[in-house]
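Peer 1: I would like the atomic coordinates for the input below:
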Amino acid sequence: MLIRQRTLLVVCLIASFMLAGLPISTSQADMFRPVVRGKRGVVAGGSPLSVEAGLRILQRGGNAVDAGVATILAASVIEFSHFSFGGEVPILIKPKGQKVVVIEGMGQAPMKATRDFFVNRANEPTLTSPGQMTMPGARRAGLIPSTGPLAATVPAVFDACITALDQFGTKTLAEVIEPAIQLADGFPIDELRVQYIKTRAPIFAQWEDAKRVFLPGGEIPKAGDIFVQADLARTLRELVRAEKLGSRGMKNSRHAGLMAARDYFYRGPIARRIGNYMQAHGGLLAAGDFGRFAAKVGQPVETDYRGYEVYKAGFWTQGPAFLETLNMLEGFDLKKMGHNSTAYIHTLAEALKLALADRDRYYGDPDFVKIPMTELLSKNYAALRRPLIDEQHASLAQQPGDPLNMKAVPASAVQTTGRASTVPDVERANDTTCVNVIDKEGNLFSATPSGAWLPAVVAGDTGVLMGQRLQSALTDPNSPNVVAPGKRPRITLTPTIVLKDGEPLMVLSTPGGDNQDQALLQVLLNVIEFGMNPQEAVEAPRFDTQHYVSSFDDHEFLPGSLNIESRVSLKTIQELSQKGHKVRVQSEWGTLSAPTVIIYDPKTGVAAAGADPRRSRYAVAW
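Peer 2: Numbering: from 1, shown residues only. Have a look, this model is predicted:
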């Protein structure tokens, strides 16, 4: 009887709330997917076969670094539409009881890559195919090509993975690369990869080795066909063989084997074969460039946002702009504004414009240029910049600050005129993937693998696709990101680690080019400010500005632009337009970013993951 009375009371209370028009607390969103939770480890990435590779390593006793490396290597075989083995990968690692570190997995420009070379190329005749389509690498005044042999930097993925394994992992290369080799021997190709092969074939088919790999038998594969990369599989097996030979009889056999495999790639037969191919096919990359590269273990940059410690890779990436944005936003009551309200979207967009203007003005390879790092990330500088955010009007000017003199804007601030890209879609940059792992000990691993996507040059019989990241450098002599021999282009890749009171809390990363930090900012705030679970946080409607100098292709600038998904209310969209934003309404799930995020509870040891359905991200737990 007592139970019935209590049940009746609850029903009456609910009915009274409904009659009074008061909201009943429910889940914040209907989710396409459930939160993935586990206590022994969680892996999140860009495809089910990639994350399975990482989970397999966890189940065999590996830690988060071992699993993360296995996931990267598997992705480098099967996610070639957006990333492959010849690309790059910055990695953030937080080992238990140690500080956050960065594996600087970005290769340098070839020693022949001078500014004068690319500027002078603009005066040469334009190459066209028999059908009059502009060929990759065609001359566009003062620009570095988006595709082709001239766009390649030194492949950085393998050395970054070896460095991570050697210093923070426990497994051998043979163990973590096994899934990648199996996938290179053949995997059932999916619809996305088939579509990329179909649309990019007119570009890559001019290079015989790329044509041989991606058009087997001269045909576009069908979804479900077993896609084989025999040359790449042989190269990966050569690296394992080098590891085995190098470890024999050595006291620290794991370390010796890893270094032997690294040297085989960067100072041995693979470097020579790739270098000879690139030189023979009009590229600048040579074998000697490989020997000069090392994926350093560096220090991250960080800021404190409302008691959360947020870490990014350094100023050779765009990651510090994320921290600059957080510093400015700390002065606003975002929660009071309301999630995706007009005021909220306007404030975030305007703060991002200011941070990205600083990115375009000051960021570059710290080995080559002096950057006011401390000043850019200081709270005092953020306080100076914050009043530039006009609550009523969208800015149409690019406004970098003057951190050295602690001024909100420099006396010589220039308003940039807008310009749209003219690069054909099939030649344009094709993005990235993401890898995030937390293991049972609370070790954190966050990576943003990218580069060497279709359409790509395949370096002869190595099966290695070559990258296109040099396009992110500029030929403007006044830019800190101007191209130079041995210099890294400033990249968009931006893994993220978040701690709370020094304890592990969160890893997150995403594809999306210049949009990466915009998406990650919204996901982080969805969790911290609005209490969303990780799956709600990645599925929530998003927006992004293109009010920056693009890091790709011909470096377009679209002042005032604001892309916004149609799930945001029409009223909000109209109000944003009235503030002067140049709004482009996307489809309900139209943004190109697609994060994964894992949140860790150090008290229970439970890790919970969200994976964005927009581009078929996946998360698995154990």
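Peer 1: wouldn't residue 506 be in contact with residue 498 here?
Peer 2: Yes. Counting by CB atoms under 8 Å, residue 498 is a contact partner of residue 506 at 4.0 Å. The C-beta positions use only the backbone N, C-alpha and C, and glycine is treated the same way.
Peer 1: what do these two both touch?
Peer 2: Shared contacts of residue 506 and residue 498, defined by CB atoms under 8 Å, 6 or more residues apart in numbering, are found at residue 524.
Peer 1: biggest strand in the chain, by residue count?
Peer 2: With secondary structure taken from DSSP state E, the chain has its longest strand at strand 503-509.
Peer 1: Name the residues of that one that are buried.
Peer 2: Residues of strand 503-509 classed as buried: 504, 505, 506, 507, 508, 509 (neighbour count, 16 or more other CB atoms under 10 Å).
Peer 1: ok, it: who's next to it in the sheet?
Peer 2: Using DSSP bridges, strand 503-509 pairs in its sheet with strand 496-500 (antiparallel), strand 596-600 (antiparallel).
Peer 1: residues of the first one that come out buried?
Peer 2: What it means is strand 496-500. Neighbour-count burial for strand 496-500 flags 496, 497, 498, 499 (criterion: 16+ other CB under 10 Å).
Peer 1: okay if I get these as JSON lines plus pLDDT and distance to residue 349?
Peer 2: Converted to JSON lines, the buried residues of strand 496-500 look like this (pLDDT from 0 to 100; distance: CB to CB, whole Å):
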{"residue": "496", "pLDDT": "98", "distance to residue 349": "20"}
{"residue": "497", "pLDDT": "99", "distance to residue 349": "25"}
{"residue": "498", "pLDDT": "98", "distance to residue 349": "22"}
{"residue": "499", "pLDDT": "98", "distance to residue 349": "27"}
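Peer 1: Make a markdown table from these and add distance to residue 186 to it.
Peer 2: Below are those laid out as a markdown table (distance: CB to CB, whole Å):
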| residue | distance to residue 186 |
| --- | --- |
| 496 | 34 |
| 497 | 35 |
| 498 | 39 |
| 499 | 41 |
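Peer 1: so which of the residues you listed comes closest to residue 310?
Peer 2: residue 498 (5.3 Å; CB to CB).
Peer 1: need the contact list for that closest one.
Peer 2: 308, 309, 310, 311, 505, 506, 507, 508, 524.
Peer 1: can you check residue 616 too?
Peer 2: So residue 616 contacts 46, 47, 192, 594 (CB under 8 Å, 6+ apart).
Peer 1: Repeat the analysis, applying 10 Å as the threshold.
Peer 2: For residue 616, the contact set (CB atoms under 10 Å, 6 or more residues apart in numbering) comprises 46, 47, 48, 190, 191, 192, 594.
Peer 1: Weed out the non-buried ones from those residues.
Peer 2: Counted by 16+ other CB under 10 Å, those give 46, 47, 190, 594 as buried.
Peer 1: Could I get the phi/psi values of the last one?
Peer 2: When read as degrees, to the nearest 10, the backbone of residue 594 gives phi -160, psi 80.
Peer 1: my guess is it contacts residue 610, does it?
Peer 2: No. Applying CB atoms under 10 Å as the test, residue 594 and residue 610 come out as separate, 11.1 Å apart.
Peer 1: list residues touching both of the two?
Peer 2: Residues touching both residue 594 and residue 610 by CB under 10 Å, 6+ apart: 538, 617.
Peer 1: Just give the number of residues close to the nearest residue to residue 525 once chain neighbours are set aside.
Peer 2: Closest residue to residue 525 apart from its sequence neighbours, by CB to CB, 6 or more residues apart in numbering: residue 334 at 6.5 Å. Residue 334 sits with 19 neighbouring residues when counted by other CB atoms under 10 Å.
Peer 1: contacting residues around residue 334?
Peer 2: Applying CB under 10 Å, 6+ apart, we find residue 334 in contact with 306, 341, 343, 344, 347, 348, 525, 528, 529, 530.
Peer 1: again, 7 Å this time
Peer 2: The contact partners of residue 334, taken as CB atoms under 7 Å, 6 or more residues apart in numbering, are 344, 525, 529.
Peer 1: What pLDDT is listed against it?
Peer 2: Note for residue 334: predicted pLDDT of 98.
Peer 1: With residue 340 as the reference, measure out to it.
Peer 2: Using CB to CB, to the nearest Å, residue 334 is found at 11 Å from residue 340.
Peer 1: From residue 577, how far off is the nearest residue to residue 203 once chain neighbours are set aside?
Peer 2: What sits nearest to residue 203 in space, not counting adjacent residues and going by CB to CB, 6+ apart, is residue 455, at 3.8 Å. According to CB to CB, residue 455 and residue 577 sit 37 Å apart.
Peer 1: more neighbours, the two?
Peer 2: residue 455 (26 against 15).
Peer 1: doesn't residue 608 fall inside a strand?
Peer 2: Yes. Assessed with DSSP: H, G, I helix; E, B strand; the rest coil, residue 608 lies in a strand.
Peer 1: Return the residues in contact with it.
Peer 2: With CB under 7 Å, 6+ apart, residue 608 has these contacts: 35, 37, 533, 534, 599.
Peer 1: Between these, which sits nearest residue 586?
Peer 2: Checking those against residue 586 by CB to CB gives residue 534 as the nearest, at 22.8 Å.
Peer 1: Test of understanding: give the bridge partners of the closest residue to that closest one other than its chain neighbours.
Peer 2: Computed as CB to CB, 6+ apart, the closest residue to residue 534 that is not its neighbour in sequence is residue 610, at 3.2 Å. Taking DSSP bridges, one finds residue 597 as the beta-bridge partners of residue 610.
Peer 1: Okay then, goodbye and thanks.
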